[in-house]
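Visitor: Requesting a structural model of the entry that follows:
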Amino acid sequence: MKRRTGAIALGAIAALVLTGCSGGDGNGGTEEGLEGRGPISFAMGTNDAGKLQPIIEAWNEENPDEQVSLVELPQEADGQRDTLVQSLQAESSDYDVMALDVTWTAEFAANGWLQPLEDDLELDTSGLLPATVDSATYMDTLYAAPQNTNAQLLFYRTDIVDEAPTTWDELLSYRDAADAEDLDLLIMQLQNYEGLTVQTTQAINAWGGAVVDTDGQTPVVDSPEAIAGIQALADAYENGDIAQRTNGFTEEQTNLAFLAGEAVFAYNWPYMYDTATSEPTSEVGDDFDVAAIVGPDGPGASTLGGYNNGINVYSENKATAFDFIQFILSEENQRGFAQESFPPVLASIYEDEALIDEFPYLPALQEALENAEPRPVTPYYAGVSRAIADNAYSAIVEGRPVDEAVADMSSAITSATGN
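Guide: Numbering: from 1, shown residues only. Coordinates of the predicted model:
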């Protein structure tokens, strides 16, 4: 009875997700404000808003009649989302352009809160990294402009590893070398939270599987490929190839352990490169490098992070809003993101030799991004993520048979999406 009650609760939450659909052109947009010009607001979490301040200042200098005002949202992601949702449910135009976590884009689009980027607002995406465009696309329609991105990398000790492994089995083959140095072979984020969803979806995608179908609702996680990806993590954890203490690791625990010289390999976001090279207490010094994460036959499928910029469907100045999100995608501004260790979405930036000299991890990050996949593109992401993390934890950390855990994961996704 307890599990049935949980399913009902998840179904109720799913039913509430899509309550804000506006009348419009069938894709959630409206014709109102399409040609509107004038001052606009740009809303972004305070934790990253500073990186947009120089861009806003440059825009305002060039466009004195169409000034952009920065509105800083709460630091925590949940607080940012709650603030935006409350405003949009009230059909408010308070936030003309919104920096959305990539996982929110489908939800906001499904609710009719984002103006589709088509027709007069069609965005040229030809120079953007394809995976970032996928993250901003829902039901074959582009609803936001990718702003910046991120992908996990494989960090490795160059004093122990001569050359970065290119497959999962090659990585595991360094177990004896790790044991000889009394080090963990591989560390990653296996605490039961969003970080575990990232690790799990990376494995599922790298082994050729997926979590949900293109409709954003139907679970497909019970495919042989998806099961094989989770099984690879479960086997490596059981064998100790993935350090078992990582069942309590977040990104920061991974960062601290690698910097302390406690592991040969680590999966983490690029920020760890900066901490490893700048933190005076780092034990690894210059004896490390980065590569793309690995899959069974080559580079793995990193899970994307980053922001997408959506135009509020209720904005009265959509023409200005559209020009501003295009301005953010200029080569100069995207290069500025790279210099702030805020990975850009413009593909050409990753081939800038001057930037590569300054940030040697860029080629590895480019390879990772070229093979990356967005997190499940679904308007029910919170429930889907919870279903993934809970059941992956039971399989990887607690030793539950993977096929059983995946069956429950599929059922929980069905409940979360109201399918």
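Visitor: Helices of the stretch 101-250 of the chain, start to end?
Guide: Using DSSP state H, counting those that start in this stretch, the helices of the stretch 101-250 of the chain run over 105-110, 130-135, 168-172, 175-180, 194-206, 224-239.
Visitor: Save those as JSON lines, and put in distance to I328 too.
Guide: Every C-beta, even on glycine, is put in place using the N, C-alpha and C of the backbone. Output for the helices of the stretch 101-250 of the chain, formatted as JSON lines (distance: least, CB to CB, whole Å):
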{"stretch": "helix 105-110", "distance to I328": "16"}
{"stretch": "helix 130-135", "distance to I328": "13"}
{"stretch": "helix 168-172", "distance to I328": "37"}
{"stretch": "helix 175-180", "distance to I328": "43"}
{"stretch": "helix 194-206", "distance to I328": "25"}
{"stretch": "helix 224-239", "distance to I328": "34"}
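Visitor: Which of those sits closest to P299?
Guide: helix 194-206 (8.2 Å; CB to CB).
Visitor: what angle sits between the closest one and helix 224-239?
Guide: 130 degrees (axes from the mean of the first three to the mean of the last three CA atoms, to 10 degrees).
Visitor: Quick one: neighbours of A43, just the number.
Guide: By the measure other CB atoms under 10 Å, the count of residues near A43 is 24.
Visitor: State the distance from the nearest residue to it once chain neighbours are set aside to E107.
Guide: Leaving aside its sequence neighbours, A43 sits nearest to Y95 (CB to CB, 6 or more residues apart in numbering; 4.0 Å). In this view, Y95 and E107 are 16 Å apart by CB to CB, to the nearest Å.
Visitor: Ok, Q147 next?
Guide: Taking CB to CB as the criterion, Q147 is separated from E107 by 17 Å.
Visitor: Which one's more surrounded, those two?
Guide: Set side by side, Q147 and E107 show more neighbours around Q147, with 30 against 24, by other CB under 10 Å.
Visitor: secondary structure class for the residue nearest to that one when sequence neighbours are not counted?
Guide: Nearest residue to Q147, sequence neighbours excluded (CB to CB, 6+ apart): Y307, at 4.5 Å. What DSSP: H, G, I helix; E, B strand; the rest coil gives for Y307 is strand.
Visitor: who's in contact with Y307?
Guide: Neighbour list for Y307: M44, D48, A99, L100, D101, V102, P146, Q147, N148 [criterion: CB atoms under 8 Å, 6 or more residues apart in numbering].
Visitor: before we move on, what about P344?
Guide: N148, T149, Q334, R335, F337, A338, Y350.
Visitor: Need the max-distance pair from those.
Guide: Among the contacts of P344, T149 and R335 lie farthest apart (CB to CB), at 14.5 Å.
Visitor: So which of the two has more stuff around it?
Guide: Legend: neighbour count by other CB under 10 Å for T149 and R335, higher for T149 (27 against 17).
Visitor: Tell me the pLDDT of that one.
Guide: With respect to pLDDT, T149 has a value of 97.
Visitor: correct me, but it touches L304?
Guide: Yes: counting by CB atoms under 8 Å, L304 is a contact partner of T149 at 5.9 Å.
Visitor: any common contacting residues for the two?
Guide: The contact lists of T149 and L304 share V102, A131, T132, S135, L369, A372, where a contact means CB under 8 Å, 6+ apart.
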